[in-house]
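Student: structure, please.
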Amino acid sequence: MLLGEHAVLHGRRCLVAAVNRRIYLTVKKRPDRQLTIRSQLGEFHAEIDDLEIREPFQFVLTVVARYRNRLETGIDIEINSDFSERIGFGSSAAVTVAATAAMHVLLNESLLPENLFSESCSIVREVQGTGSGADVAASVYGGVLAYRQDPLDILELPASFPITLVYSGEKTPTVSVIAAVEANRARDPEIYSDLYDVIDHSVESAVGAIRERNLPAFGRLMNINQGIMDALGVNTQKLASIVCALRQDPGILGAKISGSGLGDCVVGLGTLKNERFPHELVPAEIDPEGVRIG
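Tutor: Got it, this is the predicted structure:
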């Protein structure tokens, strides 16, 4: 997430990007009605017609449960990832999109991107109870998107620019962070509405800056939005120190929390020059391609 965290849950726009750290999901038919799942998180085995939805495979299991009555056989699912589950790279959205696409492949059904987005978004919200769908959109379409949840609007931007991602070493579940921000919003609804309006205006300005290839202007908008993330109560001392360290680097044009906050990642616009940067870097680039089937 480049801009728009939390505001996107309230009808404002955000700016989200797909990165080249992928989840790979392989599905094979079985001669029975069994389901197996194997991944770095563990293994799962059950009758496909008698599934219990449970962690850590709740997203994939919910997808299978939706389609099992249309599947003629059981299936084996293998999941591999380019990144650790500790890092909030939208892995829940990515694996949901991959599993949903796989079900349609098994059923020999064509699937338009907008339908894949809609189905995957519905599943993520069913499991989590909330979610803007921005990470689902990035997983489906790839590249850089200006995204609005309600009314739905997905604008694909012909953009490519360097980013630097830093992991803070800790992560708070997104649902928990959203609940904390919503509790604060309930106490000061007008102030939070104004903050979300500023975020929305920032996204509009950022779209213009990206189209004009004015990265310094985009970086300034990221810095402004870091201040808003602090105002929303999702900054931490560790995140603030990472943001400051990135901004001091001559190769970085702007930096802010990426995602819901209270941990996880910071994103910097540009290429880091400091070869002895004191925090954990996460190699990643913007990927113009979304879901792949093949």
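
Student: check which helices and strands the top helix by length along the chain sits against.
Tutor: If you go by DSSP state H, the chain has its longest helix at helix 189-211. Using 3 or more CB pairs under 8 Å, 6 or more residues apart in numbering; DSSP states H and E, the elements in contact with helix 189-211 are strand 13-17, strand 144-148, strand 153-157, helix 215-231. Where you see a C-beta, it was placed from the backbone N, CA and C, and this is true even at glycine.

Student: repeat that for 10 Å
Tutor: When contacts are defined as 3 or more CB pairs under 10 Å, 6 or more residues apart in numbering; DSSP states H and E, helix 189-211 sits against strand 13-17, strand 144-148, strand 153-157, helix 174-187, helix 215-231.

Student: for the first one, name the packing helices and strands.
Tutor: By that I understand strand 13-17. helix 134-141, strand 144-148, strand 153-157, helix 189-211, helix 215-231.

Student: need the next SSE after it, C-terminal direction.
Tutor: Counting by DSSP states H and E, the next helix or strand C-terminal to strand 13-17 is strand 23-29.

Student: and the contacts of that next one?
Tutor: The contact list for strand 23-29 (CB atoms under 10 Å, 6 or more residues apart in numbering) reads 36-39, 60, 63-64, 71-83, 89-103, 105-106, 139, 292.

Student: what's the burial count for residue 253?
Tutor: 22 (other CB atoms under 10 Å).

Student: let me see the domain layout of the protein.
Tutor: Using automatic domain parsing, the domain ranges for the chain come out as 23-141, 160-282.

Student: just checking, residue 145 touches residue 132?
Tutor: No. If you go by CB atoms under 10 Å, residue 145 and residue 132 don't touch, sitting 11.7 Å apart.

Student: intersection of neighbour lists for those two?
Tutor: By CB under 10 Å, 6+ apart, the residues touching both residue 145 and residue 132 are 14, 16.

Student: what are the boundaries of the helices in the stretch 1-150 of the chain?
Tutor: 58-67, 91-106, 113-128, 134-141 (DSSP state H, counting those that start in this stretch).

Student: adding distance to residue 3, mean neighbour count and mean pLDDT, write these out as TSV.
Tutor: Below are these laid out as TSV (distance: least, CB to CB, whole Å; neighbours: other CB atoms under 10 Å; pLDDT from 0 to 100):
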stretch	distance to residue 3	mean neighbour count	mean pLDDT
helix 58-67	26	21	97
helix 91-106	18	23	95
helix 113-128	20	19	96
helix 134-141	11	27	97
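
Student: can you redo those as TSV with distance to residue 205?
Tutor: Formatted as TSV, those follow (distance: least, CB to CB, whole Å):
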stretch	distance to residue 205
helix 58-67	34
helix 91-106	26
helix 113-128	26
helix 134-141	18
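
Student: torsion angles phi and psi at residue 107?
Tutor: phi -90, psi 0 (degrees, to the nearest 10).

Student: identify each buried residue in the longest helix of the chain, please.
Tutor: Applying a neighbour-count criterion of 16 or more other CB atoms under 10 Å, one finds 192, 195-196, 198-200, 202-203, 205-207, 209-210 buried in helix 189-211.

Student: with respect to residue 21, which of those residues is nearest?
Tutor: Taking CB to CB as the measure, residue 210 is the one of the buried residues of helix 189-211 closest to residue 21, at 21.5 Å.

Student: who touches that closest one in this structure?
Tutor: The neighbourhood of residue 210, defined by CB under 10 Å, 6+ apart, consists of 2, 15, 144, 146, 157, 158, 159, 160, 161, 217, 218.

Student: give me the pLDDT value at the closest residue to residue 48 other than its chain neighbours.
Tutor: The shortest distance from residue 48 to any non-neighbouring residue, by CB to CB, 6 or more residues apart in numbering, is to residue 35 (4.3 Å). Looking at residue 35, its pLDDT reads 97.
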